[in-house]
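Curious how this folds, go ahead:
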Amino acid sequence: MTDRCAWCGTDPLYVAYHDTEWGVPEHDPRALWEKLVLDGFQAGLSWITILRKRDAFREEFDGFDPERVARWDAARIDRALQNPGIIRHRGKIESAVKGARLFLDIEARDGFAPFLWSFVGGQPIQNRFAGMADVPTATPESTAMSKALKKRGFNFCGPVIVYAFMQATGMVNDHVTTCHRHAPLSRPQAAG
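Below is the predicted model:
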């Protein structure tokens with residue numbers, strides 16, 4: 001039996017996500033924006049709920065193409081609200097559209113990935129937590145990123161949501177030390 005972080009349990013979808021995606025450093029700006037949007041939709045819900053709906057989200061949100069989503073109008077938002085495959089929360093959908101426009105601005109000025117990775121000095125923070133009880137829900141880095149995102153106009157990006165985003169995108173390695181993914185992701189420039 002492979003040792004894993006306890007949070008993923010035994011659900012095959014969750015285990016696959018843990019084993020192949022969670023904690024792997026992500027530098028693709030579109031993929032980072034998608035994850036930030038999905039973490040915003042997670043607010044008040046469990047990640048497995050979002051993970052089960054991720055394909056429907058990708059389809060509804062035009063493959064998370066920020067240029068396309070930035071052009072959504074009220075009618076397009078209303079259409080998304082009719083899709084039972086996603087979380088139908090007007091505020092979160094409107095936030096995603098606004099976030100697409102903000103993404104395009106940051107991408108043009110600074111680059112979205114360099115902007116986000118600057119909060120960890122451009123390299124994953126390598127934590128060495130023995131158990132999930134040791135893992136924080138927010139850090140000074142997630143608080144700083146949250147404030148910077150909010151200052152630029154993003155919503156649904158508090159320090160806890162942002163820390164979950166940082167964990168998922170490999171900005172921090174929060175696989176516990178007994179997890180089979182910790183060591184491979186501890187190597188410099190870990191790609192998985």
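
ok, which stretches of this structure are helices?
For the chain, the helices defined by DSSP state H cover 12-20, 29-42, 47-60, 66-69, 74-81, 90-109, 112-117, 140-152, 159-168, 182-186.

would CSV of the ones you listed with mean neighbour count and distance to Ala6 be doable?
Bear in mind the C-beta positions are built from the backbone N, C-alpha and C, glycine included. As requested, the helices of the chain are arranged in CSV below (neighbours: other CB atoms under 10 Å; distance: least, CB to CB, whole Å):
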stretch, mean neighbour count, distance to Ala6
helix 12-20, 14, 10
helix 29-42, 21, 19
helix 47-60, 16, 14
helix 66-69, 19, 35
helix 74-81, 13, 34
helix 90-109, 18, 28
helix 112-117, 20, 27
helix 140-152, 17, 21
helix 159-168, 22, 14
helix 182-186, 17, 13
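
So which of these is nearest Ile125?
helix 140-152 (7.1 Å; CB to CB).

From one end of stretch 53-68 to the other, what's the distance?
End-to-end distance of stretch 53-68 (CA to CA, to the nearest Å): 20 Å.

Can you list the neighbours in contact with it?
In this structure, residues lying in contact with stretch 53-68 by CB atoms under 8 Å, 6 or more residues apart in numbering are 30-31, 33-34, 37-38, 41, 50, 69, 80, 83, 85-87, 96, 100, 103-104, 107.

For Gln82, see how far away Thr49 is.
Noted for Thr49: a distance of 19 Å to Gln82, by CB to CB, to the nearest Å.
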